[in-house]
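Peer 1: can you look at this prediction? I've put the sequence above it.
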Amino acid sequence: MTGNSGSVTQVSSGPAESQPRGNRFVRWFLRSLAQNTIQYLLLIAVVILSLANANFRQPANLLSILLQASFVGIGAAGMTITIINGAFDLSVAGALGLCGVVLAILLPHIGIVPVVIVTVMLGALLGVINGLVVTKIRIPAFIATLGMMYIYMAVGFIITNGQVVSVTDRAFRALGTGDTLGLPTPFVIMLATYVILYLIMNYTTYGRFIRAVGSNETASQVGGIPVDRVKIFAFMLLGVCIGLAAVTLTAYLSSANAIMAQGFEMRVIAAAVVGGTSLKGGSGTLVGTFTGALFFTVINNALNMFNVGAYWQYVAVGLIIITALGIDALRSRFMGSARE
């Protein structure tokens with residue numbers, strides 16, 4: 001400011017400006033680590049396991065990892081969108097089983113392409129039903145989808161009389177066991193699923209609405225967003241993913257039954273959470289979930305390779321999930337402090 005004497009008082013900013021420049025790389029690295037934790041962990045795990053066991057880095061084993069990650073990865077993509085929208089869907093195991101048995105029953109009668117379309121449409125329908133129960137009957141998603149899981153599972157048992165339905169069509173089984181461009185076909189389907197959902201989430205109005213509703217449902221409603229319609233749309237996208245997962249898993253197993261995906265709901269939720277999707281809703285990335293599905297599969301593969309018992313593998317998965325939640329909490333605190 002210019003005083004009565006006409007002199008100008010200058011504010012010295014040398015030390016204040018030079019300090020952030022000196023810490024710029026450290027702050028960038030910490031921010032990158034906070035935002036891409038699972039990517040760093042996957043890279044470290046792959047490098048260590050490749051050095052520790054020559055069998056791990058064999059092309060056949062790496063392709064097996066991609067194949068095994070595909071089934072959970074496809075379902076986890078849809079679950080990520082549902083969680084970002086502020087909800088859960090615990091019915092996915094029952095829905096996948098029902099889609100699988102319907103596929104196996106219809107396949108000999110209508111052919112491969114029609115049965116794939118019917119299966120995906122059935123998955124979408126089941127997702128819409130879940131969305132309607134949550135939005136119109138106003139039952140919390142956790143409870144509503146838990147109840148729907150048992151209903152879908154029961155319908156699967158009823159139409160098969162509790163029996164396993166075999167699939168003998170070799171061309172169809174190639175969807176689960178074949179390869180495309182040198183990669184397992186289920187993994188290629190998984191890649192296509194993530195690309196399409198990424199485009200929906202980032203380049204469509206409903207994609208932006210899904211994040212908005214998950215961040216603040218009340219504010220979204222006041223802002224004119226059709227909240228119920230957006231929730232139903234998110235459940236429908238998950239249903240489509242479950243239909244695709246049913247196609248690939250049934251083809252891989254060459255059979256289907258009502259409990260073919262028992263525990264599937266926990267695995268897809270875990271992949272999404274480990275990938276950085278916040279259980280509070282509103283934030284998460286498909287890239288993170290994609291990496292999370294690969295990370296879990298790499299860990300399971302390594303545990304099997306080192307002959308770790310099945311029960312201890314459950315312990316390892318539980319520790320990974322708890323660690324992921326802790327990292328998510330630390331990430332939120334760090335990003336909050338960084339903005340301050």
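Peer 2: Everything's here; your move. In this text the structure is predicted, and so the values were computed from the model without any measurement.
Peer 1: contact partners for Glu265?
Peer 2: For Glu265, the contact set (Cβ atoms under 8 Å, 6 or more residues apart in numbering) comprises Asp89, Leu90, Ser91, Val92, Ala93, Met149. (Glycine included, C-beta is placed from N, CA and C.)
Peer 1: where does the fifth one land on pLDDT?
Peer 2: This points to Ala93. pLDDT for Ala93: 95.
Peer 1: SS state for Ala87?
Peer 2: coil (DSSP: H, G, I helix; E, B strand; the rest coil).
Peer 1: got phi/psi on it?
Peer 2: phi -140, psi 180 (degrees, to the nearest 10).
Peer 1: farthest pair within the contacts of Glu265?
Peer 2: Taking Cβ to Cβ as the measure, those span a maximum distance of 10.1 Å, between Asp89 and Ala93.
Peer 1: between the two, who's got more neighbours?
Peer 2: Asp89 (31 against 24; other Cβ atoms under 10 Å).
Peer 1: ok, Val46 touching Val298?
Peer 2: Yes - using Cβ atoms under 8 Å, Val46 is in contact with Val298, at 6.4 Å.
Peer 1: distance-wise, check the spatially closest residue to Asn257 that is not a sequence neighbour relative to Val128.
Peer 2: Excluding its sequence neighbours, the residue lying closest to Asn257 (Cβ to Cβ, 6 or more residues apart in numbering) is Val164, at 4.6 Å. Going from Val164 to Val128 by Cβ to Cβ, to the nearest Å gives 28 Å.
Peer 1: same deal with Tyr194?
Peer 2: 22 Å.
Peer 1: more neighbours, these two?
Peer 2: More neighbours surround Tyr194 than the other of Tyr194 and Val128, with 21 against 15 (other Cβ under 10 Å).
Peer 1: quick one: contacts of whichever strand or helix holds that one?
Peer 2: Using DSSP states H and E, Tyr194 sits in helix 185-203. For helix 185-203, contacts defined as Cβ under 8 Å, 6+ apart pick out 66-67, 69-71, 73-74, 77-78, 81, 84, 174-181, 206-207, 210-211, 237, 241, 244, 247-248, 251-252, 286-287, 290.
Peer 1: which helix or strand contains the closest residue to Lys136 other than its chain neighbours?
Peer 2: Spatial nearest neighbour of Lys136, excluding adjacent residues (Cβ to Cβ, 6+ apart): Asp228 at 7.4 Å. Assigned by DSSP H and E, Asp228 falls within helix 227-253.
Peer 1: now do the strands in the stretch 51-200 of the chain.
Peer 2: Using DSSP state E, counting those that start in this stretch, the strands of the stretch 51-200 of the chain run over 165-166, 179-180, 183-184.
Peer 1: which helices and strands sit right next to the helix holding Asp228?
Peer 2: helix 59-84, helix 92-110, helix 112-136, helix 170-177, helix 185-203, helix 205-215, helix 217-222 (3 or more Cβ pairs under 8 Å, 6 or more residues apart in numbering; DSSP states H and E).
Peer 1: show the average pLDDT along the fourth one.
Peer 2: What that stands for is helix 170-177. Mean predicted lDDT for helix 170-177 stands at 94.
Peer 1: that helix vs helix 92-110, what angle?
Peer 2: Angle, helix 170-177 to helix 92-110, by axes from the mean of the first three to the mean of the last three Cα atoms, to 10 degrees: 160 degrees.
Peer 1: mind giving me the packing neighbours of helix 170-177?
Peer 2: helix 112-136, helix 185-203, helix 227-253.
Peer 1: mind checking how far the residue sitting nearest the centre point of the chain is from Thr180?
Peer 2: Closest residue to the average C-alpha location of the chain: Ala76 at 2.5 Å, with Cα atoms, centre = their mean. Distance of Ala76 to Thr180, computed by Cβ to Cβ: 21 Å.
Peer 1: how about Gly284?
Peer 2: From Gly284 over to Thr180 (counting by Cβ to Cβ), the distance is 28 Å.
Peer 1: the more surrounded of the two?
Peer 2: Gly284 (25 against 14).
Peer 1: just checking, the more buried one is part of a helix?
Peer 2: No - Gly284: not assigned to a helix; according to three-state DSSP it is coil.
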